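here are the coordinates; sequence isn't available:
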């Protein structure tokens, strides 16, 4: 779908990963726009299919641009994807992520366990920030956050979980080398933007994007001699992967709910 | 020439491609400087051989630096190369590109068809912005822009065209994979800076740089399995290519004029 | 030590190399933080093991952040590593580097010969900036700077020298291809941050980091076909290298002193 439709994804993201995420979007068949000037925000958000906000290298002027872009995207009804990089590590990050949650109505939030728990805590929950928490804790926080904001929450790590408050999908695959290349989480978020732009639902788009990430990670790891060659093969894999590759590399476990028509678990 | 003289190229460019373009310049034998603080602009532009201005991730403070740098470069008589990234997509970009055209007297402007047509339209021409325009349209816009500003205009795409208002050269080569790696256009612009710094004329330097780009693209595509490996081989090719590689990879078609001593076409 | 302890290294660095240096830290087993907002500086510097300040793409707001971060790091007693990129090329750079020297009490300064001489000159020495100076000149400047500020000074180039005012170590290894990839010096500085965070002394950490750099450079050059493949193999080498690789790739020459217990030369 992304390859056929080539969605235009606007990213206001951090300096460290701009190049990575633009390349991942291009390799997957989407088109990136990177822009942050308030003067052009309305025009640019007006022509894109999704907006990705990533708070990795935050500063006051960029926060202003993110809030403005989020507002434009919300009014246009295109999906907003939030990556709350480092939420919980500083007050500025936690507070900025919460402001985006509250004003831009993100369709999807993707973070690691600590970041999702930080958002949950700051949002009124009782869990604190804990980077060594159990997967189950992050999973509870994700479900709570999803229900509270009516959005999709993805917690990525060794295993990924995608939740919308009622259903959840666990995605198993990828490679430990993904933790040794900067911006793999940010890349996942950017790809969610591309897939959410073309999928039937933000939930389905998020699952697709994370399955594609895990597939590319698994394929790259088979050829890699370290983080450098891993990253190169990762882009190649995004470009060449087939449906068969995804089936071979990734294991999905769906926990359904009546509303979604997914009544069983582990499908 | 670039390998022998190692020109120093000052770039005020976008965050996405800074690393790419610095590496391309180094691989080709030039030396990059990346700097944007107004406080050091005069000193730094004072020691370089060319200035590249790229508006890819524009903001108000950076516009100020670009105009200041353009002014210093114009006074010193070193070539200024403009990459009007996204001109036509936002008013800020179109207007900023036009201000640079009018105040910095660029020696060369390089863009894709839409960008060049946007500059032409904003400059008084009648063509609007159209990203699906025919090559012939962009070619007309390029010729008009070249005559109006007395500069070289390069339109890059599947086939590249370089014009100075009287002569034109078409450059055929490269690879479709170049469109799946971010910043390949910006890289072309940076290399034009390096070649314009050492060539007899900005026109000749632009043709050389685009021939080198197309050669590296063609050589890299022969070894690549996707955009990741393409990019790696691209830098290697810039570093190792010979005159024979350029002859094997690139097809040039010159449409000449009496003033330039190029009287025939298709040479 | 870095692989076992995984130190957290905070970098306020230039846009060009953020991705490179983050990847190098990850490949070596450390964890990078990239952040520059004054609002979060105290919190973030409060949780890291070393601070790297790199003035490569300086601007007024970033200088403020660097000084603030340096102050927090000094109070906490964690090592501050300064990379005075381009000191001597502009007044802004020379002055900013000197302010950091004077207020942040860096544990280590790493630069090329010209940069170190610029700091020395501006600090009261009599040598000017000279990018074509002899190694001996830079060596004298380094020793003077080390004594004046009570810090470790590393001059990197074809051969690296590490000095603390009384002892010095020369490190031979690496590859000329390192000069054709952007940010290799900045990467060395970032790795010094990681090694200084875990080593017995900043001097020992600096020597280790530069030996690791030279080893990765030598290993990568054996497989590289140019700067592109060199960079890929460089990260792989950081990830896989063993003590035996370091011994095979690098030659150390120690010039000792009674205080340090290193009485001989050429050990």
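On my side now, so go ahead. All figures in this text were calculated on a predicted structure; none of them were measured in a lab.

make it CA atoms for all contacts and neighbour counts henceforth
Fine.

Contact residues of chain A facing chain C?
A:15-17, A:56-60, A:89-92, A:179-182, A:225-229, A:232 (Cα under 8 Å from any Cα of the partner chain).

ok, stretch A:51-58 near chain B or not?
No - Stretch A:51-58 lies apart from chain B when judged by Cα under 8 Å from any Cα; the minimum separation is 12.5 Å.

for that stretch, the distance to its chain's centre please.
11 Å (Cα atoms, centre = their mean, to the nearest Å).

ditto for stretch A:28-44
17 Å.

Then stretch A:232-245?
From the chain centre to the centre of stretch A:232-245 is a distance of 19 Å (Cα atoms, centre = their mean).

Residues in contact with it: which ones?
A:23-24, A:27-29, A:212-213, A:215-217, A:219-221, A:223-224, B:225-229, B:232, C:232 (Cα atoms under 8 Å, 6 or more residues apart in numbering or on different chains).

Same check on stretch A:57-72?
With Cα under 8 Å, 6+ apart, stretch A:57-72 has contacts from A:12-16, A:36-38, A:41-42, A:45-46, A:51, A:53, A:80, A:93, A:96, A:100, A:103-104, C:34-37.

Mind checking which of those land in strands?
Counting by DSSP state E, those place A:12, A:51, A:53, A:80, C:34 in strands.

Widest-spaced pair of the residues you listed?
Farthest pair in these (Cα to Cα) is A:80 and C:34. Separation: 24.1 Å.

what's the residue in the stretch 51-200 of chain A that chain B sits nearest to sitting at in phi/psi?
Shortest the stretch 51-200 of chain A-to-chain B distance, computed as Cα to the nearest Cα: residue-wise this is residue A:61, at 10.1 Å. Here is the backbone geometry of residue A:61 (degrees, to the nearest 10): phi -60, psi -30.

if we can go back for a sec, using JSON lines, please lay out the ones in strands among the contacts of stretch A:57-72 together with pLDDT.
Converted to JSON lines, the ones in strands among the contacts of stretch A:57-72 look like this (pLDDT from 0 to 100):
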{"residue": "A:12", "pLDDT": "98"}
{"residue": "A:51", "pLDDT": "98"}
{"residue": "A:53", "pLDDT": "98"}
{"residue": "A:80", "pLDDT": "98"}
{"residue": "C:34", "pLDDT": "97"}
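
Serialize those residues to JSON lines and add fields for distance to residue A:160.
Formatted as JSON lines, the entries for those read as follows, by distance: Cα to Cα, whole Å:
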{"residue": "A:12", "distance to residue A:160": "24"}
{"residue": "A:51", "distance to residue A:160": "22"}
{"residue": "A:53", "distance to residue A:160": "20"}
{"residue": "A:80", "distance to residue A:160": "20"}
{"residue": "C:34", "distance to residue A:160": "25"}
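
I'd like the residues you listed written out as TSV, with neighbour count added.
What follows is the ones in strands among the contacts of stretch A:57-72, written out as TSV (neighbours: other Cα atoms under 10 Å in any protein chain shown):
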residue	neighbour count
A:12	23
A:51	31
A:53	30
A:80	29
C:34	22
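
Can you read off the pLDDT for the residue of the stretch 51-200 of chain A closest to chain B?
Residue A:61 carries a pLDDT score of 96 in this model.

neighbours of it, just the number please.
By other Cα atoms under 10 Å in any protein chain shown, the residues close to residue A:61 number 11.

Nearest residue to the middle of chain A?
Centroid-nearest residue in chain A: residue A:189, 2.6 Å away (criterion: Cα atoms, centre = their mean).

which residues does it contact?
By Cα under 8 Å, 6+ apart, the contact list for residue A:189 reads A:52, A:81, A:82, A:83, A:110.

Next, give phi and psi for the fourth one.
In this entry, residue A:83 is assigned phi and psi values of phi -110, psi 100 (degrees, to the nearest 10).

Any idea how many residues pack against it?
Around residue A:83 there are 27 residues (other Cα under 10 Å).

if you skip the residues just before and after it, what's nearest to it?
Using Cα to Cα, 6 or more residues apart in numbering or on different chains and skipping the chain neighbours, the partner closest in space to residue A:83 is residue A:54 (4.6 Å).

does the one you found really touch residue A:86, like I thought?
No - using Cα atoms under 8 Å, residue A:54 is not in contact with residue A:86; the gap is 10.1 Å.

pLDDT weak spots in the stretch 1-150 of chain A?
A:122-136 (pLDDT under 70).

again, 80 this time
A:122-137 (pLDDT under 80).

residues in it within reach of chain B, list them.
Counting by Cα under 8 Å from any Cα, the stretch 1-150 of chain A sits next to chain B at A:15, A:18-19, A:22-23, A:26-27, A:29, A:34-37, A:39-40, A:43-44.

which one of those residues sits closest to residue C:206?
Nearest to residue C:206 among the residues of the stretch 1-150 of chain A next to chain B, with distances taken as Cα to Cα, is residue A:15, at 27.1 Å.

At which residues are the helices of the stretch 1-150 of chain A located?
A:2-5, A:18-28, A:38-45, A:60-76, A:91-104, A:113-122, A:135-149 (DSSP state H, counting those that start in this stretch).

Cool, thanks, talk later.
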